[in-house]
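1. just to be clear, the model below is a prediction. Sequence and coordinates:
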2 protein chains.
Amino acid sequence: MSPATAKTPDVSRRSERSRKAILRASMELVGDVGYPKLTIEAIAARAGVGKQTIYRWWPSKAAVLLDAFTEVVHDDDYQGGLPDTGDIEADLKTVLRATADEFSDAAFEAPYRALAVASAADAALAEQFVARLQEPGLEVYVRRLRAGQEAGQIDPGLDLGLAVEMLLGPFQQRWLTRSGPLTHEFTDRLVEMALRSFAPRG
Amino acid sequence: MSPATAKTPDVSRRSERSRKAILRASMELVGDVGYPKLTIEAIAARAGVGKQTIYRWWPSKAAVLLDAFTEVVHDDDYQGGLPDTGDIEADLKTVLRATADEFSDAAFEAPYRALAVASAADAALAEQFVARLQEPGLEVYVRRLRAGQEAGQIDPGLDLGLAVEMLLGPFQQRWLTRSGPLTHEFTDRLVEMALRSFAPRG
């Protein structure tokens, strides 16, 4: 009954329902118990499937979780890229405000923190976390800044990768260390401060 | 034999030796086993003291570790503030290069990562971590930027707290997620990019 051998619409639908139930269960559970105590058995029980179903599709709990977060990211409003109204300051403020709201939602925040903590502690998991989630997330910002360069709003010589680290690093750091609130006031000031650096040299 | 009741130079010296051995043992151990598995018993054994000696001076393993890191920070080269040669770009580059070197030293990096990971997972520990270590660390940067304002090299309207988050957030984030190397090239570009934002408005 794996997706690859599914032959009929009914079997496909059941597989897809199980897959989604497993991914949802993994996110809920990791937010509740943390990554070290997360088990395939517990995910299977919460999803209402046998644990062999999970092992057939994923090699490890890390693989399940990374798929779960990848799905959330792909389902989000910015799958096709960041908004481009022609006003880069307004667009970045819109996106960072929405991101601040997402990180204030416990249903997203708790599992994402559990995964971030586990990655910080575990270099092998970190490599997957960065490649599967963080880098694709940064890449949509790089593309938006590149469009800003083409529109003459961003310095043509700017190192876009480093620029995105400068824009998002303070947000991620404040979130992870809880050193300050993720308000819209904070994200707006962050965008303004970063764009002062990114602007074309006069 | 606690420091408060020590009456003779010999007793004071023994207390101070024990105190330093305990702090050193706590840092070595947390780097080896991680914060969740760190115990007062193991710290006592490695330091060669009875565990009651530790309990007499500290209420918890978190308190021991925070004291250990506070001591490291106080002993470092920038205890009295960041260098001020009058050239803020050169001074920030010097300090961030030294910080990158420190974070490449496993004897510092492993225990600091263990504490950062534990703080990210535990809001109560995070509050102490931020208040005891992170905020004092940021404050020396705020003071250096303020001196730069007085010297006319930094915009007088700059939000210095947010500016320091922008300067250090990308470094901390790259370190914690291992998303890129902490080279001098990286820290130099970071300083240059940040100072473009912080410069007086033309």
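-> The structure has been received and is ready for your questions.
2. from here on, contacts and neighbour counts on C-alpha atoms
-> Fine.
3. flag every buried residue along the helix or strand of chain A with the lowest mean pLDDT.
-> Counting by mean pLDDT, DSSP states H and E, the weakest-scoring helix or strand in chain A turns out to be helix A:61-75, with a mean of 85. Of the residues in helix A:61-75, A:61-62, A:64-70 count as buried by neighbour count, 16 or more other C-alpha atoms under 10 Å in any protein chain shown.
4. and it, does that touch chain B?
-> No: using C-alpha under 8 Å from any C-alpha of the partner chain, helix A:61-75 never reaches chain B; the gap is at least 15.1 Å.
5. next SSE after that helix?
-> Heading C-terminal from helix A:61-75, the first helix or strand you meet, by DSSP states H and E, is helix A:88-103.
6. packing partners for that following helix?
-> Counting contacts by 3 or more C-alpha pairs under 8 Å, 6 or more residues apart in numbering or on different chains; DSSP states H and E, helix A:88-103 packs against helix A:106-121, helix A:135-150, helix A:184-198.
7. in three-state terms, label A:Lys37 for me.
-> coil (DSSP: H, G, I helix; E, B strand; the rest coil).
8. residues making contact with stretch A:148-160?
-> Here stretch A:148-160 makes contact (C-alpha atoms under 8 Å, 6 or more residues apart in numbering or on different chains) with A:86, A:88, A:142, A:145-146, A:195, A:198-201.
9. can you redo these as CSV with neighbour count, distance to A:Pro36 and pLDDT?
-> CSV is the format used below for the contacts of stretch A:148-160 (neighbours: other C-alpha atoms under 10 Å in any protein chain shown; distance: C-alpha to C-alpha, whole Å; pLDDT from 0 to 100):
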residue, neighbour count, distance to A:Pro36, pLDDT
A:Gly86, 12, 45, 95
A:Ile88, 21, 41, 97
A:Val142, 21, 33, 97
A:Leu145, 24, 38, 98
A:Arg146, 18, 39, 97
A:Leu195, 21, 40, 98
A:Phe198, 25, 40, 97
A:Ala199, 18, 44, 96
A:Pro200, 15, 47, 95
A:Arg201, 11, 49, 86
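10. before we move on, back to that, what's the closest of the helices and strands packed on helix A:88-103 to B:Leu96?
-> Smallest distance to B:Leu96 across those (C-alpha to C-alpha): 18.9 Å, for helix A:184-198.
11. circling back: closest one of the buried residues of helix A:61-75 to A:Ala106?
-> For the buried residues of helix A:61-75, the nearest to A:Ala106 is A:Phe69 (14.4 Å; C-alpha to C-alpha).
12. wait, A:Thr39 sits on A:Val64?
-> No: in this structure, A:Thr39 is not within contact of A:Val64 by C-alpha atoms under 8 Å, at 10.8 Å.
13. low-confidence ranges, chain A, go.
-> A:1-8, A:76-77, A:79 (pLDDT under 70).
14. and it, which residues reach chain B?
-> A:113-114, A:116-121, A:123, A:126-127, A:130, A:162-163, A:165-173, A:176-179, A:190, A:193-198.
15. longest helix of chain A?
-> helix A:9-33 (DSSP state H).
16. could you pull out the buried residues of the helix or strand that comes right after that one?
-> Counting by DSSP H and E, the next helix or strand C-terminal to helix A:9-33 is helix A:40-47. Using 16+ other C-alpha under 10 Å as the test for burial, helix A:40-47 gives A:40, A:43-44, A:46-47.
17. quick check: buried residues in the helix or strand just after helix A:40-47?
-> Sequence-wise, the next helix or strand downstream of helix A:40-47 (DSSP H and E) is helix A:51-57. Across helix A:51-57, burial judged by 16+ other C-alpha under 10 Å covers A:51, A:53-54.
18. also stretch A:178-196?
-> Applying 16+ other C-alpha under 10 Å to stretch A:178-196 flags A:178-179, A:182, A:184, A:186-188, A:190-196 as buried.
19. give me the buried subset of the residues of chain A next to chain B.
-> Buried among these (16+ other C-alpha under 10 Å): A:113-114, A:116-121, A:126-127, A:130, A:162-163, A:165-173, A:176-179, A:190, A:193-198.
20. ok, now which ones touch A:Ile40?
-> A:Ile40 neighbours (C-alpha under 8 Å, 6+ apart): A:51, A:54, A:60-61.
21. what's the closest of those to chain B?
-> A:Lys61 (18.9 Å; C-alpha to the nearest C-alpha).
22. for A:Leu167, which non-adjacent residue is closest in space?
-> Among residues not flanking A:Leu167 along the chain, A:Ala194 sits closest, at 6.0 Å (C-alpha to C-alpha, 6 or more residues apart in numbering or on different chains).
23. go ahead and confirm that neighbour touches A:Leu168.
-> No: between A:Ala194 and A:Leu168 there is no contact under C-alpha under 8 Å: 9.7 Å.
24. before we move on, back to that, would you list the helices and strands packed on helix A:88-103 in TSV and tack on distance to B:Ala100?
-> Shown next, in TSV, are the helices and strands packed on helix A:88-103 (distance: least, C-alpha to C-alpha, whole Å):
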stretch	distance to B:Ala100
helix A:106-121	17
helix A:135-150	22
helix A:184-198	23
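25. mind splitting chain A into its structural domains?
-> Domains of chain A are assigned by automatic domain parsing as A:3-62, A:76-198.
26. which one of those lies closest to B:Lys20?
-> Going by C-alpha to C-alpha, the one of the domains of chain A nearest B:Lys20 is domain A:76-198, 26.8 Å.
27. just to revisit the earlier point, in TSV, list the domains of chain A along with distance to B:Phe103.
-> Formatted as TSV, the domains of chain A follow (distance: least, C-alpha to C-alpha, whole Å):
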stretch	distance to B:Phe103
domain A:3-62	25
domain A:76-198	14
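28. to B:Val95, which of those domains lies closest?
-> domain A:76-198 (18.0 Å).
29. how many neighbouring residues does A:Val49 have?
-> 16 (other C-alpha atoms under 10 Å in any protein chain shown).
30. so it makes contact with A:Arg17?
-> No: A:Val49 is not in contact with A:Arg17 according to C-alpha under 8 Å; the separation is 10.4 Å.
31. picking that back up, packing partners for the longest helix of chain A?
-> Helix A:9-33 packs on helix A:40-47, helix A:61-75, helix A:106-121, going by 3+ C-alpha pairs under 8 Å, 6+ apart.
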